[in-house]
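> Pasting the sequence and the predicted coordinates here, then a few questions.
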Amino acid sequence: MHKRKSNRKKIALIALCAALTVVLCGCGDQNKVTKQDPLADMITVASTMGDEGLNDDGWAGCEKASDKKDVDIRCLESSDKAALQDNLVTAGNDGASIAVVMGGSQQKAVEKAAAQFPDTNFLVVEGSISNDKNLGSICFHEEQSGFLAGVAAAMTTKKDKIGFLGLRSSDVTTKYRCGFTAGVQAVSPDKEVEAAYIQQQTDEDGAAAKASALKAAGCDIIMQAAGSAGKAVIKQADKEGYQVIGTDTDQSGLNSASVLCSAVKDVPDAVSESILDSVKGKFDASVQSMDLAHDGVALSDKAGNLSAKAAEAVEKWKSSIEHKDITVPATAAELADFRVSEQ
């Protein structure tokens, strides 16, 4: 699926998504360790490489680090908690410099591994844990890019209702939904955001069915934050007659005509820089905050589908967030209290 790169620095990169079973098959040659140099293992969980989202962006960060420095990178795929734990142990036993876990749904397992293997650095992308020694996280402010997506949706829709489709019991989904709803309300307080959820990020059939139901309920725009299952929402958009807002990475490549824009985060650079810092002995064992002001999140429109008026509104609200004129809600409680003066 992806070619394994062998260099001279060893980093273990563990990419974790959100449901959890670790399988060491599926990445082909990427699973073979042929050298005794530092190694990078990327471990996916629940969904595999090719998700057009978090996993693919994490692997892009691995390749970027490997291109800049002699780093040996490897992909391990996971699909349950037990397998994830096995992969964490494999990274430690292999003497990895850093294990990058792509996703924050199993942070206790990562904390345990960090304590068990003090000579390996562990980084959780979309996480919130650290120990000031060998455990750190990167926390993205998805609510901020979600807010801008809500502004774009409100400026574009021809209906009174806008859809949101996410993963049940996901902190990332909550941040996207709260920010998105606040952005819609800031521009058009009379418009309603109707939310629907799936249980597993691999449930493409469920995601497609939920999107069809949102369309039938009167939504002509749907923001999808459903993990790899969101691909199904995007691919059927033409047939169903709605537009989609992508998440994590610019997803217009899946359907350039129907992806209005995407709420993105700079996972590749964050992963690459963390790998290189670990190799240099400068690992940041804290919780790093990635927001609009530091280019950690953004709204992307590579397909050019936003109108000039919508793009102008997005830039205006982006400036308000960056200058702290408004604080975007990231939780249901914050959303309930959210008020904004007219821009």
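Perfect, thanks for sending it.
> How about the closest residue to Ala298 other than its chain neighbours: which residues does it bridge to?
Spatially, and ignoring its direct neighbours in sequence, Ala298 is nearest to Val264 (5.5 Å; CB to CB, 6 or more residues apart in numbering). All C-beta atoms are positioned from the backbone trio N, CA, C, and that covers glycine. Beta-bridge partners recorded for Val264 (DSSP bridges): Asp248, Ala298.
> Show me what counts as buried in the host helix or strand of Leu84.
Using DSSP states H and E, Leu84 falls within helix 81-93. Using 16 or more other CB atoms under 10 Å as the test for burial, helix 81-93 gives 81, 83-88, 90-92.
> Assess the claim that Ser128 and Leu135 are in contact.
No. The pair Ser128 / Leu135 is not scored as a contact, 11.3 Å apart, by CB atoms under 8 Å.
> Between these two, which is the more surrounded one?
Leu135 (26 against 12; other CB atoms under 10 Å).
> Tell me, how many residues neighbour Leu214?
Around Leu214 there are 25 residues (other CB under 10 Å).
> tell me the SS of the residue lying closest to it once chain neighbours are set aside?
Excluding its sequence neighbours, the residue lying closest to Leu214 (CB to CB, 6+ apart) is Gly163, at 3.6 Å. Judged by DSSP: H, G, I helix; E, B strand; the rest coil, the three-state class of Gly163 is strand.
> quick one on the thing from earlier: who are the contact partners of the residue nearest to Ala298?
145, 246-250, 297-300 (CB atoms under 8 Å, 6 or more residues apart in numbering).
> following the strand or helix carrying Arg177, which helix or strand shows up next?
In this assignment (DSSP H and E), Arg177 forms part of helix 171-187. Next along the chain after helix 171-187, taking DSSP H and E as the criterion, comes strand 192-198.
> how far is the helix holding Arg177 from where the chain is centred?
15 Å (CA atoms, centre = their mean, to the nearest Å).
> between it and strand 192-198, how big is the angle?
170 degrees (axes from the mean of the first three to the mean of the last three CA atoms, to 10 degrees).
> Who are the packing partners of helix 171-187?
Here helix 171-187 touches helix 142-156, strand 161-167, strand 192-198, strand 219-225, helix 308-322, helix 332-336, going by 3 or more CB pairs under 8 Å, 6 or more residues apart in numbering; DSSP states H and E.
> Take these and lay them out in a markdown table including mean pLDDT.
Formatted as a markdown table, the helices and strands packed on helix 171-187 follow (pLDDT from 0 to 100):
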| stretch | mean pLDDT |
| --- | --- |
| helix 142-156 | 98 |
| strand 161-167 | 97 |
| strand 192-198 | 98 |
| strand 219-225 | 98 |
| helix 308-322 | 98 |
| helix 332-336 | 97 |
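> Turn those into CSV, including mean neighbour count.
Listed next are the helices and strands packed on helix 171-187 as CSV, based on neighbours: other CB atoms under 10 Å:
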stretch, mean neighbour count
helix 142-156, 29
strand 161-167, 26
strand 192-198, 19
strand 219-225, 27
helix 308-322, 16
helix 332-336, 13
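> give me every residue that touches the closest residue to Ala257 other than its chain neighbours.
Excluding its sequence neighbours, the residue lying closest to Ala257 (CB to CB, 6+ apart) is Asp238, at 6.5 Å. Residues in contact with Asp238, defined by CB under 8 Å, 6+ apart, are 255, 257-258.
> ends of stretch 133-146, how far apart?
33 Å (CA to CA, to the nearest Å).
> Centre of the chain to that stretch, how far?
Taking mean C-alpha positions (CA atoms, centre = their mean), stretch 133-146 and its chain are 10 Å apart.
> if we can go back for a sec, what angle sits between the helix holding Arg177 and helix 308-322?
Using the same axes, to 10 degrees: helix 171-187 against helix 308-322 is 110 degrees.
> Flag every buried residue along helix 171-187.
171-187.
> Report the residue spans of this protein with pLDDT below the cut-off.
1-38, 40, 44-47, 341-343 (pLDDT under 70).
> can you list the domains in it?
If you go by automatic domain parsing, the domain ranges for the chain are 20-140+267-294, 142-264+307-336.
> I'd like the secondary structure assignment at Lys112, please.
Per three-state DSSP, Lys112 ends up helix.
> That concludes my questions; thank you for your assistance.
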